[in-house]
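>>> structure for this input, please:
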Amino acid sequence: HPQLEGLINHQASSPKPLYRSPNPSQVKCSRTKSMGLRSFDAFAKPLDGTRQRSLSGGFITLLASATAALLFLSQLFLYLRIETRHSMHLADSVPSLLFNKQQQQQRNRNNLSGHTIPLHLHVTFPHLPCPALDYSHDGNSFSTGKFGHYHPPPYTFTARIPTSSEYKLATASHSSEANVQSGRRGGCTLVGTILVPRVGGTLGVSVSGDSWIRVTSLLSFGVDFSGLGNSRTTDPFQGKLPNVTHYLHDVTFGEPFPRGKNPLRGVRHVMDNGSGVALANVAVKLVPTTYKRTFHSPKETYQASVSRHIVQPETLAAQHSTLLPGLMLTYDFTPLAVRHMEVRENWLVFLSSLVSIVGGVFVTVGLVSGCLVNSAQAVAKKID
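Numbers count the residues shown, from 1 in each chain. Purely as a prediction, here's the structure:
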């Protein structure tokens, strides 16, 4: 038949399928490889039909989860807590500066390199007028002009009339500001910052030499020998001894230590010997301290250890001292330095501890529960 013959020819001309039956040797090799890889599986999964869930197992699981959560929170708290480590070492040797005209132009740069540190002073003498006040550093006084030569602006001191708040602090007055303003007579506040070498030195704020000679001559002989021939000179103390009671608002060397208290801040030296004439001798030991916070660069700071005492005028006269009544601050640097480092536990240690805690809890609970179950089954078999 023509149609049947065409169908036979079409089937004969159609392409044959490319499927081949798998080679038995290849199938056996792939099965061997998969079985060898499965033998290394340490996390064998039981079938759902063979699992047995019990009330005691659920209670043990909840207990293990709570224990793991508690240990996780404690480990997280230990990781977030910052620990401060202290250590001592020898301070770095820093060459001192001998101020001269060439080095004065490089003082700011030397300050950045660590040769000098800023010294900030804020003190109020409520009973001394500014013309009768003198200050010096390492023997270079303001009255002779040497202080301004070695400490030119902007790093210098400025003497001015105290404000009402400064006067109230200096006199420990509890009256209102209006009464303080109306009852105030003179007074002087010295404030400013100078650069000093990182070696020991002295800073003095006292009665000026001319004023002291004038008042002592008036009290001793009744005549102002320093004012002879000059009718314009007047006695700033009106024939009385100067009262050098003063209030230290702040004395800071370098950058203060942020975690310590400044013992030279808010200190009042009262000369209560009747005359008001005495010398407040303050000795300061500066400890170089490196302070390093977490995720911050280290800071070079200074901690101060202070000892102070009041030297009476009789002692000054007996020792033939050339020191004048007022404030004498002596400072020195210790050869030992302190390092304060705020550290936190390494995050890799925290992660390893966390994994060991969580895994160890469940493994331990699993072992304990398995022992209990096996023991219970053994006892039940013996009873039966």
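
>>> residue boundaries of the strands in the chain?
Ranges of strands in the chain, per DSSP state E, are 83-90, 116-125, 133-137, 140-141, 157-160, 188-197, 201-207, 246-253, 255-256, 267-269, 279-292, 299-311, 326-333, 336-343.

>>> in a markdown table: these, plus distance to residue 361, mean pLDDT and mean neighbour count.
Every C-beta, even on glycine, is put in place using the N, C-alpha and C of the backbone. Below are these laid out as a markdown table (distance: least, Cβ to Cβ, whole Å; pLDDT from 0 to 100; neighbours: other Cβ atoms under 10 Å):
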| stretch | distance to residue 361 | mean pLDDT | mean neighbour count |
| --- | --- | --- | --- |
| strand 83-90 | 26 | 80 | 10 |
| strand 116-125 | 55 | 94 | 22 |
| strand 133-137 | 67 | 93 | 22 |
| strand 140-141 | 72 | 93 | 17 |
| strand 157-160 | 67 | 94 | 15 |
| strand 188-197 | 60 | 94 | 20 |
| strand 201-207 | 63 | 94 | 21 |
| strand 246-253 | 53 | 94 | 22 |
| strand 255-256 | 48 | 85 | 16 |
| strand 267-269 | 57 | 93 | 17 |
| strand 279-292 | 36 | 92 | 19 |
| strand 299-311 | 43 | 91 | 16 |
| strand 326-333 | 54 | 94 | 20 |
| strand 336-343 | 28 | 86 | 16 |
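
>>> to residue 351, which of the ones you listed lies closest?
Ranking these by proximity to residue 351 (Cβ to Cβ) places strand 336-343 first, at 17.3 Å.

>>> and that closest one, what other elements does it pack with?
The contact analysis (3 or more Cβ pairs under 8 Å, 6 or more residues apart in numbering; DSSP states H and E) places strand 336-343 against strand 83-90, strand 279-292.

>>> so which bits of stretch 64-79 are buried?
Buried residues in stretch 64-79, defined by neighbour count with 16 or more other Cβ atoms under 10 Å: 64, 67, 68, 71, 75, 79.

>>> let me see the confidence value for the second one.
It refers to residue 67. For residue 67, the pLDDT comes out at 82.

>>> also the fourth one?
Per-residue confidence (pLDDT) for residue 71: 83.

>>> ok, it touching residue 357?
Yes - look at residue 71 against residue 357 with Cβ atoms under 8 Å: they come within range, at 4.7 Å.

>>> distance to residue 264 for the helices and strands packed on strand 336-343 - can I get that in TSV?
Below are the helices and strands packed on strand 336-343 laid out as TSV (distance: least, Cβ to Cβ, whole Å):
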stretch	distance to residue 264
strand 83-90	23
strand 279-292	7
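
>>> those strands: which one's closest to residue 133?
For the helices and strands packed on strand 336-343, proximity to residue 133 was assessed by Cβ to Cβ; strand 279-292 is nearest, at 14.3 Å.

>>> partner strands of that closest one and their direction?
strand 299-311 (antiparallel), strand 326-333 (parallel), strand 336-343 (parallel) (DSSP bridges).

>>> quick one: which of those strands is nearest residue 204?
strand 326-333 (5.0 Å).

>>> low pLDDT regions in the protein?
Along the chain, the model assigns pLDDT under 70 to residues 1-57, 94-114, 174-185, 215-240, 384.

>>> biggest helix in it, by residue count?
For the chain, the helix reaching the highest residue count under DSSP state H is reported as helix 347-383.

>>> what's it packed up against?
Using 3+ Cβ pairs under 8 Å, 6+ apart: helix 347-383 touches helix 55-80.

>>> other SSEs contacting the helix it packs on?
If contacts are counted by 3+ Cβ pairs under 8 Å, 6+ apart, helix 55-80 sits against helix 347-383.

>>> list the buried residues of the helix it packs on.
Applying a neighbour-count criterion of 16+ other Cβ under 10 Å, one finds 350, 353, 354, 357, 358, 361, 365, 369 buried in helix 347-383.

>>> reformat those as a markdown table; add distance to residue 208.
Formatted as a markdown table, these follow (distance: Cβ to Cβ, whole Å):
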| residue | distance to residue 208 |
| --- | --- |
| 350 | 65 |
| 353 | 68 |
| 354 | 70 |
| 357 | 73 |
| 358 | 76 |
| 361 | 78 |
| 365 | 84 |
| 369 | 90 |
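
>>> from these, which is closest to residue 324?
Within these, proximity to residue 324 (Cβ to Cβ) peaks at residue 350, which comes in at 62.4 Å.

>>> roughly how far apart are the spatially closest residue to that closest one that is not a sequence neighbour and residue 209?
Excluding the flanking residues, the one nearest residue 350 by Cβ to Cβ, 6 or more residues apart in numbering is residue 79, at 4.4 Å. For residue 79, the distance to residue 209 equals 64 Å [Cβ to Cβ, to the nearest Å].

>>> got it, and residue 194?
Taking Cβ to Cβ as the measure, residue 194 falls 21 Å from residue 209.

>>> do the same with residue 371
Per Cβ to Cβ, residue 371 is found 94 Å from residue 209.

>>> then residue 375?
From residue 375 to residue 209 the distance is 98 Å (Cβ to Cβ).

>>> please apply the same query to residue 332.
Residue 332 is 26 Å from residue 209, by Cβ to Cβ.

>>> before we move on, back to that, adding distance to residue 257, write the strands paired with strand 279-292 out as a markdown table.
Below are the strands paired with strand 279-292 laid out as a markdown table (distance: least, Cβ to Cβ, whole Å):
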| stretch | distance to residue 257 |
| --- | --- |
| strand 299-311 | 4 |
| strand 326-333 | 14 |
| strand 336-343 | 8 |
